[in-house]
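Q: Take a look and give me a structure for this.
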Amino acid sequence: MKKLLLFLLTLCTAHAAPKPNILLVMVDDLGFSDLGCYGSEIETPNLDRLAGNGLRMSQFYNTAKCHSSRVSLLTGRYCRQAGDESLRRAVTIPEVLAPAGYFTAMTGKWHLDQQPTDFGFQRYFGHLSGATNYYRGDNTFRLNGQPWSVPNEGFYTTTANVDHAMKFLGEARAEKKPWFLYIAFNAPHAPLQPLEADYKKYLGRYDVGWDAIHTARVEKQKKFRLLPADLPTPQRPDHVRAWDQLSTEQRIWETKRMTAYAALIDRVDQEMGRLIADLEKAGELANTLILFVSDNGACPYDRANTNIDKEPYHPDTNWTDSTGWAWARNAPFRYYKQNQFEGGISSPAILHWPAGLKTKAGAIVESPAHLIDVLPTFAAVAGATVPNTFPGRELTPLAGISLVPILAGEIIAKRPPIHLLYGSDRGLRDGEWKLVSFQSQPWELYHIPSDRAETKNVAAQHPEIVERMVKTWHAMSKDVLMAPPAELKPVATEATEQIHREWTKFYKAVSTTSKKKRTPALKPFTPAADAGGNWAMTPDPKLPNVLILGDSISIGYTRDVRALMKGQANIHRPMSANNKQPANCGDTTIGMANIDAWLGDTKWDVIHFNWGLWDLCYRNPASKEQGNRDKVNGKVSTSPEDYRRNLETLVTKLKATGAKLIWASTTFVPEGEAGRFVGADAKYNAIAAEVMKKHGIAINDLHATTKAFAADMFTKPGDVHYTPQGSQILAKQVVGSISQAMEIKK
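A: Below you'll find the model as predicted:
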């Protein structure tokens, strides 16, 4: 307390001493362990120096997403509370500091509405977009509010940000004003386009793979005392494949990606070194408060990669993120950007201010803090007043608190709960407890002091704490954030696998194609004869979308399912390449080849699927045809081992859509069906049942139903196909299964 009172006295007499300059630096998609001083093998000597002479925060939170973190950083409010990208219910840091005599400037990524010069920045250079080509930029670059053309040669975004930052500092010095400078680096956000020399510096360093890097980083963090020595470290998650289980081709590709990442981060540090040298030369380093933060944790979204056969420093490359490396880069935490687990929201925060900090050099601060605390802290150290009104805006109260006690070497014993929300990902940090939900799945509870890595969900052991924190979360969502009703719905009561459709698919082969074709939204198949009949369909955007994938049997019952669920769901099935007839999905090999096109761009709510009838076929060993086109008993089309492997691949792909999945067992194969052995259906269904049980997927047992069918339900003796009456019976069973998944009461 004595330190704090002395510190506050110093602030109160700030008019007698020069006001501190303030340098705020935000990087993009930086993982918790990506800096040397946070455990990394990446060389960041300049940032390490700031940490060694200043302090590091081990529990500093962001919002887990790009634009929302920028809103909170600039306004001291939660993103929804501030009016999202419009900032219509907030003021910004430069709008607070300029009336206190500060020169205000920004370089880098904006990613909000209008321009920085519309929100208090007197100088601005950078791009308004959420990401840009490092070499060629884009058409959103601005200089002081006016369009700015990126040069054809000699341009690199990270370097240009600091070039212009130093020009702006020269202008501030000429005006003899204290200054506030905000640099928002695009790095290490994709596209992964490092400079050539930086990339070559790290060649070979990541051949060991992500398992080894993750282990080494956690050990280093414990040595630094960023983490408790006895911290339970989570194992590699199931959705990330072990490094030694990747193909040679995959390891080469993944090594290149991490090498590019390291180079991007190294370049940020080099540019920070150039800026620090400029401050030292001007005699300003001692009285400049420098805060270095990230907008979220490492990004796992493995999107379209182009020209991966080229070097990443080629301007035409577009390499994106890797879920495997995101896991290692966030060590020791779970999950990633967008998720409200620690891997998404906890990132490095370095504060350096020799003239003002009263902490021990190199101190590690464990007090929880958040981006919303930055504006109140800067206002306090600058002697600035945060206004209650502002022309053209309806201001909400600040959500953040001042971190001045931390700067004074004290701790903040009690602070308001930290609210966490992005989309359907939720969380709340309140004292020692952390409440979190993955995409609105059931709430999980973690005791952070003993389990910072969130390995032991204790919600079942502490229902009273969960209930209290859930009430707080909803109250803050409604009263503080003013969040829309869709984001306030109760979480699910049953957990499903935690996975995202854009995480790396390790079963896919590495492609070197220069462009990835966009898969179109799937059109509903309506037979020409039924174009205006009971089975025709025009999708209703207000209804859930259901996709039926399956063999020729499913083609027979899909039309009846559509008729029975009219007004309740849009029932789709994939079409063949000519868009004139339904695709037969009966072979798992065909399924793997076409699944991306079949899924298209539609957001699926339920997928009812099966493969099997063609997989069960036996063909002439000399034939190159797949499936049942050559119905002679010979070599099996798909071996049991391949069938299991293919199903695992397909299930992983389907689960990534986030849809509720229903597996339909292969229908009964009667004696006399050419090209199939009696009993093979039961054998393959048993394999499928094991796969579905493993993944928690519901099973619609069509095999049991059809095995009990009378002979007159088949179109002819020995045929696997059914009469209209048989298809109608199956359709009713399918509708029941889909209705249950959609929780439709019959």
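Q: quick one: the helices in the stretch 1-150 of the chain?
A: Assigned by DSSP state H, counting those that start in this stretch, the stretch 1-150 of the chain shows helices spanning 2-12, 45-53, 66-75, 79-82, 93-97.
Q: What about residue 581, how many residues nearby?
A: 12 (other CB atoms under 10 Å). Placement of C-beta: from N, CA and C, glycine included.
Q: Contacts only, for it.
A: The contact partners of residue 581, by CB atoms under 8 Å, 6 or more residues apart in numbering, come to 525, 527, 575.
Q: for residue 493, same thing?
A: residue 442.
Q: Look up how far residue 443 lies from it.
A: Distance, residue 493 to residue 443, using CB to CB, to the nearest Å: 10 Å.
Q: now residue 538
A: The gap separating residue 538 from residue 443 is 39 Å, by CB to CB.
Q: Same check on residue 717?
A: From residue 717 to residue 443 the distance is 56 Å (CB to CB).
Q: ok, these two, which is more surrounded?
A: residue 443 (22 against 11).
Q: domains in the chain, as residue ranges please.
A: 22-386, 528-742 (automatic domain parsing).
Q: What's the end-to-end length of the longest one?
A: Read that as domain 22-386. End-to-end distance for domain 22-386, by CA to CA, to the nearest Å: 17 Å.
Q: for stretch 220-228, same thing?
A: 11 Å.
Q: returning to what we had before: compare the helices of the stretch 1-150 of the chain and report which one is nearest to residue 112.
A: helix 66-75 (6.1 Å; CB to CB).
Q: one step back: quick one, which of the helices of the stretch 1-150 of the chain gets closest to residue 365.
A: Per CB to CB, nearest to residue 365 of the helices of the stretch 1-150 of the chain: helix 45-53, 11.3 Å.
Q: So which elements touch that closest one?
A: Judged by 3 or more CB pairs under 8 Å, 6 or more residues apart in numbering; DSSP states H and E, the packing partners of helix 45-53 are helix 248-281, strand 288-294, strand 349-352.
Q: So for the second one, mean pLDDT?
A: With pLDDT averaged residue by residue, strand 288-294 scores 98.
Q: Within the sheet, what are the partner strands of that strand, with directions?
A: strand 21-27 (parallel), strand 349-352 (antiparallel) (DSSP bridges).
Q: Could you say which one of the ones you listed comes nearest to residue 710?
A: The nearest among the strands paired with strand 288-294, by CB to CB, is strand 21-27 at 69.1 Å.
Q: starting at the chain centroid, how far to that closest one?
A: 25 Å (CA atoms, centre = their mean, to the nearest Å).
Q: what does stretch 418-434 give?
A: Here the centre of stretch 418-434 is set off from its chain's centre by 16 Å, with CA atoms, centre = their mean.
Q: Which residues belonging to that stretch are considered buried?
A: 418-422, 424-430, 433-434 (16 or more other CB atoms under 10 Å).
Q: quick one: which of those is nearest residue 352?
A: Distances from residue 352 to the buried residues of stretch 418-434, taken as CB to CB, are shortest for residue 418 (24.0 Å).
Q: With residue 289 as the reference, measure out to the closest one.
A: Taking CB to CB, one finds residue 418 at 22 Å from residue 289.
Q: try residue 314
A: 39 Å.
Q: Give me the more crowded residue out of these two.
A: Set residue 314 next to residue 289 and count neighbours by other CB under 10 Å: residue 289 wins out with 23 against 12.
Q: does residue 381 sit in a helix, a strand or a coil?
A: helix (DSSP: H, G, I helix; E, B strand; the rest coil).
Q: count of neighbours near it?
A: Using other CB under 10 Å, residue 381 is surrounded by 21 other residues.
Q: pLDDT weak spots in the chain?
A: 1-17, 511-521, 534, 577-580, 619-635, 744-746 (pLDDT under 70).
Q: As a check, name the ranges of all strands in the stretch 501-650 of the chain.
A: 545-549, 570-572, 606-609, 618-619, 635-636 (DSSP state E, counting those that start in this stretch).
Q: Quick one: distance of the longest one to the chain centre.
A: From the chain centre to the centre of strand 545-549 is a distance of 26 Å (CA atoms, centre = their mean).
Q: Extract the C-alpha trace of it and format it as PDB.
A: C-alpha atoms of strand 545-549 as PDB (Å, rounded to 0.1, in the frame of the first residue of the first chain):
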ATOM      1  CA  ASN A 545     -31.000 -28.100 -43.400                       C
ATOM      2  CA  VAL A 546     -30.800 -31.900 -43.500                       C
ATOM      3  CA  LEU A 547     -28.400 -33.800 -45.800                       C
ATOM      4  CA  ILE A 548     -29.100 -37.500 -46.600                       C
ATOM      5  CA  LEU A 549     -26.000 -39.200 -47.900                       C
END
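Q: what helices or strands is it leaning on?
A: Using 3+ CB pairs under 8 Å, 6+ apart: strand 545-549 touches helix 552-564, strand 570-572, helix 588-599, strand 606-609, helix 724-742.
Q: Contacts for the second one, please.
A: Outside of strand 570-572, the residues that reach it under the criterion CB under 8 Å, 6+ apart are 522-525, 537, 539-540, 543-548, 558, 561-562, 565, 602.
Q: Just the buried ones among the residues you listed, please.
A: 522, 525, 537, 539, 544-548, 558, 561-562, 565, 602.
Q: rewinding a little: out of the buried residues of stretch 418-434, which is nearest to residue 299?
A: Of those, the one sitting nearest to residue 299 (CB to CB) turns out to be residue 422, at 13.2 Å.
Q: For the closest one, list the residues it contacts.
A: Taking CB under 8 Å, 6+ apart, one finds 63, 64, 65, 68, 338, 340 in contact with residue 422.
Q: swap in residue 322?
A: 254, 257, 258, 300, 302, 504.
Q: cutoff 7 Å now
A: By CB atoms under 7 Å, 6 or more residues apart in numbering, residue 322 lies in contact with 254, 257, 302, 504.
Q: Look up how far residue 743 lies from the nearest residue to the third one once chain neighbours are set aside.
A: Across the structure, with CB to CB, 6 or more residues apart in numbering as the measure, the residue nearest residue 302 apart from its sequence neighbours is residue 504 (4.1 Å). Separation of residue 504 from residue 743 (CB to CB): 32 Å.
Q: ok, those two, which is more surrounded?
A: Shown here are residue 504 and residue 743; by other CB under 10 Å, residue 504 has more neighbours (23 against 7).
Q: still on that earlier bit, what about the helices and strands packed on strand 545-549, which gets the closest to residue 31?
A: Going by CB to CB, the one of the helices and strands packed on strand 545-549 nearest residue 31 is helix 588-599, 28.7 Å.
Q: Any buried residues in the closest one, and which?
A: 588, 589, 590, 591, 592, 594, 595, 598, 599.
Q: Can I get these in JSON lines including distance to residue 189?
A: Listed next are the buried residues of helix 588-599 as JSON lines, based on distance: CB to CB, whole Å:
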{"residue": "588", "distance to residue 189": "37"}
{"residue": "589", "distance to residue 189": "38"}
{"residue": "590", "distance to residue 189": "38"}
{"residue": "591", "distance to residue 189": "35"}
{"residue": "592", "distance to residue 189": "32"}
{"residue": "594", "distance to residue 189": "33"}
{"residue": "595", "distance to residue 189": "29"}
{"residue": "598", "distance to residue 189": "31"}
{"residue": "599", "distance to residue 189": "27"}
